[in-house]
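J.: all I have is the shape, not the residue letters:
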């Protein structure tokens, strides 16, 4: 339980003060925040709210989308916000192919170069840029980084204080190479964030909102947690679920079920 | 053009005699057939129809689904049908996780063992079992074999006359390791089938029917064709598209557009 953190995406419509109060009441010590929610409540106001409640901000989602024209300004702003919130990690969803492009190699190379340009800024801010590999069904439109090996290869040129990776069970469960890559991520001190969600079938249209609370799907969640532990990771375990049917329920109810499921299927 | 083959799935509702006549009229020399269509028209009747028209049956889809109780009988029947049709290759869609299971390693191991059991039967029939890696978004419900490396590793214990792989652009395009694995597939004489479809975004619900005709999406199709050629493959190039909007059009119109797009984006 000490390592459990609620990623705000799981209770997307829970207002920030209620989320913070609910976490404190439930004994939760960490939250992963999203920029869109933080912007809605105000960055400084969110930082004060969370700090005064004694909660740790375990990560901020998300930077990235490096194919967009304003990626440079937008990502520096995201780093600033992570620093203001006291989040050690900014999760990067790197973006898909540029409009009309079929060159995924070039798109991945651009992601690596863009992250490299951000490294000094991130180091100054004390924020680790965490490259998230997304499931390959998102390669065209959300993230050309499609497995953990690619994420680690992109991170490799840069200091591990500045560039790490996210290990997200939903995105990586299908890959039999993931276990050796998790061990590698530990050796290379790159595990900046560990996120848990379950895989449900069938997928909904657009495939973004089909995730399940822990234990509702087919992913070996505990195996992942044990693998990141064996790789030396001692940080928070965020549960991050995107699902309309979860979002439609009261935040505290979802948190309580999430905690129960976390105990049964992850911890 | 000589290597082009129409996979029947692209013109799913085109009746078998019309499909065969349309291919002959269009100068197409090969067709990939599907068991459900062949059953509808009759196996022997389909074989005679295609043979009399001078068409080659380039592949039969599909065997596999090894997690189902009747996989043994069903796959031997599929091998028999491939042999009766003169198809050198039976495409295997290996099946997802067994109901309630989370053990994808065990499911993959079972696929390898099941294929091994079929090898003598396939050798006797002169039919190559072609393991198809499906996109990882199908890992839970259709195919635990999720990339070309896994397919080749599963094939490795068996003679290449009996067990090969399918290289399908739709399923493999996101994987930067695919190019070295295509070269490996060539060295190991495993390329039994090459299928082309394009990737469209966004995906529809259930994600099965979202494929595009060549050139409508973001896949480097010609790069794939050149890679299989460079690996020594000289066989047919099947265009296989699952898409409701394509299926709703007249077969001959789809075939003509497919041929044009094949010339522009693949050949």
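T.: Ah, there it is. A quick note: this is a predicted structure, and the numbers were derived from the prediction, not measured.
J.: need the residues of the stretch 1-150 of chain A near chain B, please.
T.: For the stretch 1-150 of chain A, the residues in contact with chain B (C-beta under 8 Å from any C-beta of the partner chain) are A:96-97, A:101-105, A:108, A:135-137, A:139-141, A:146-147, A:150. For glycine as for every other residue, the C-beta is placed from the backbone atoms N, C-alpha and C.
J.: PyMOL command for the buried members of the residues you listed?
T.: To isolate the buried subset of these in PyMOL, counting by 16 or more other C-beta atoms under 10 Å in any protein chain shown, use the following:
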select buried, chain A and resi 96+97+102+104+108+135+136+137+139+140+141+146+147+150
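J.: could you count how many residues lie near the nearest residue to residue A:125 once chain neighbours are set aside?
T.: Among residues not flanking residue A:125 along the chain, residue A:83 sits closest, at 4.3 Å (C-beta to C-beta, 6 or more residues apart in numbering or on different chains). By other C-beta atoms under 10 Å in any protein chain shown, the residues close to residue A:83 number 18.
J.: which residues touch residue A:83?
T.: By C-beta atoms under 8 Å, 6 or more residues apart in numbering or on different chains, the residues touching residue A:83 are A:125-127.
J.: can you tell me the element it falls in?
T.: helix A:71-85 (DSSP states H and E).
J.: show me which residues of that helix are buried.
T.: For helix A:71-85, by 16+ other C-beta under 10 Å, it's A:71, A:74-76, A:78-79, A:81-85.
J.: which residues does residue A:2 contact?
T.: residue A:29.
J.: tell me which stretches of chain A form helices.
T.: A:16-26, A:35-41, A:43-52, A:71-85, A:104-125, A:148-155, A:169-172, A:178-187, A:221-230, A:244-247, A:251-265 (DSSP state H).
J.: just checking, what packs against the second one?
T.: The contact analysis (3 or more C-beta pairs under 8 Å, 6 or more residues apart in numbering or on different chains; DSSP states H and E) places helix A:35-41 against helix A:16-26, helix A:43-52, strand A:56-64, helix A:71-85.
J.: how near is residue A:191 to chain B?
T.: Per C-beta to the nearest C-beta, to the nearest Å, residue A:191 is found 22 Å from chain B.
J.: what do you get for residue A:202?
T.: Residue A:202 is 5 Å from chain B, by C-beta to the nearest C-beta.
J.: cool, residue A:29 as well?
T.: Here the distance between residue A:29 and chain B works out to 29 Å (C-beta to the nearest C-beta).
J.: now for that residue: which residues touch it?
T.: Residue A:29 neighbours (C-beta under 8 Å, 6+ apart): A:2, A:4-5, A:23, A:54-56.
J.: what subset of those residues is buried?
T.: A:4-5, A:23, A:55-56.
J.: for these, give me a markdown table that also has pLDDT.
T.: Formatted as a markdown table, the buried ones among the contacts of residue A:29 follow (pLDDT from 0 to 100):
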| residue | pLDDT |
| --- | --- |
| A:4 | 98 |
| A:5 | 98 |
| A:23 | 98 |
| A:55 | 98 |
| A:56 | 98 |
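J.: in the sheet, who's paired with residue A:238?
T.: Per DSSP bridges, the residues bridged to residue A:238 are residue A:5, residue A:195.
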